[in-house]
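>>> Could you look at this predicted model? Sequence included:
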Amino acid sequence: MTKALADPAYDSKNNFSYLYNNDIVPAIKVRKNSSGRSCGCYPRKVSVISQIGNYDYWKGSVSYGKRWIVESVFSVLRRIFGEHVMAHKRQNMVKELELKMVLYTNLCQRRRKLSYARNM
């Protein structure tokens, strides 16, 4: 992962620090009342200053406008598979979600093949 697109609910020092420490570009929209003071998290300070300075430039530079694509995929996955997982252990939850993603990918590929065959 090279970039994290997130809404203001994820605007926290912990998230910015985690992303910085793992060399991930934080594309997190900060809250409207954010100040440019560091308060112990320099990566968040840089993001706040760049968003306050010129929001449209920041939005283009981190591709924040493409967040709707991710939200659309999550919406489709919730419609198809539901909002819950059956597993109780974290490692099994991850496996279950990976399996759901594989199934979704196969479904999309079959749909493309059928569409292509109809258009021939």
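Structure received. Numbering: from 1, shown residues only.
>>> just how off-centre is the longest helix along the chain within its chain?
For the chain, the helix with the greatest residue count under DSSP state H is helix 90-119. With Cα atoms, centre = their mean, to the nearest Å as the basis, helix 90-119 stands 19 Å off its chain's centre.
>>> List the buried residues in that helix.
By neighbour count on 16 or more other Cβ atoms under 10 Å, the buried set for helix 90-119 is empty. All C-beta spots, glycine's among them, are computed from the backbone N, C-alpha and C.
>>> Can you check what pLDDT the model gives Val62?
Val62 is assigned 88 on the pLDDT scale.
>>> Please name the nearest non-neighbouring residue to it.
Ala27 (3.8 Å; Cβ to Cβ, 6 or more residues apart in numbering).
>>> Neighbours of the one you found, how many?
19 (other Cβ atoms under 10 Å).
>>> Leu77 too?
16.
>>> Which of the helices or strands spans it?
helix 67-81 (DSSP states H and E).
>>> contacts for stretch 107-120?
Under the criterion Cβ atoms under 8 Å, 6 or more residues apart in numbering, residues Ile80 lie in contact with stretch 107-120.
>>> Tyr64 against Ala27, yeah?
Yes: assessed by Cβ atoms under 8 Å, Tyr64 is found in contact with Ala27 at 5.2 Å.
>>> Roughly how far does Ser35 sit from Ala6?
20 Å (Cβ to Cβ, to the nearest Å).
>>> The two: which is more packed in?
Using other Cβ under 10 Å as the criterion, Ser35 and Ala6 rank with Ala6 on top: 16 against 12.
>>> pretty sure the more buried one contacts Val30?
No: between Ala6 and Val30 no contact is recorded; they are 10.4 Å apart, counting by Cβ under 8 Å.
>>> ok so, going back, for the helix holding Leu77, buried residues please.
Those would be 67, 77, 81, for helix 67-81 by 16+ other Cβ under 10 Å.
>>> This completes my enquiry, with thanks.
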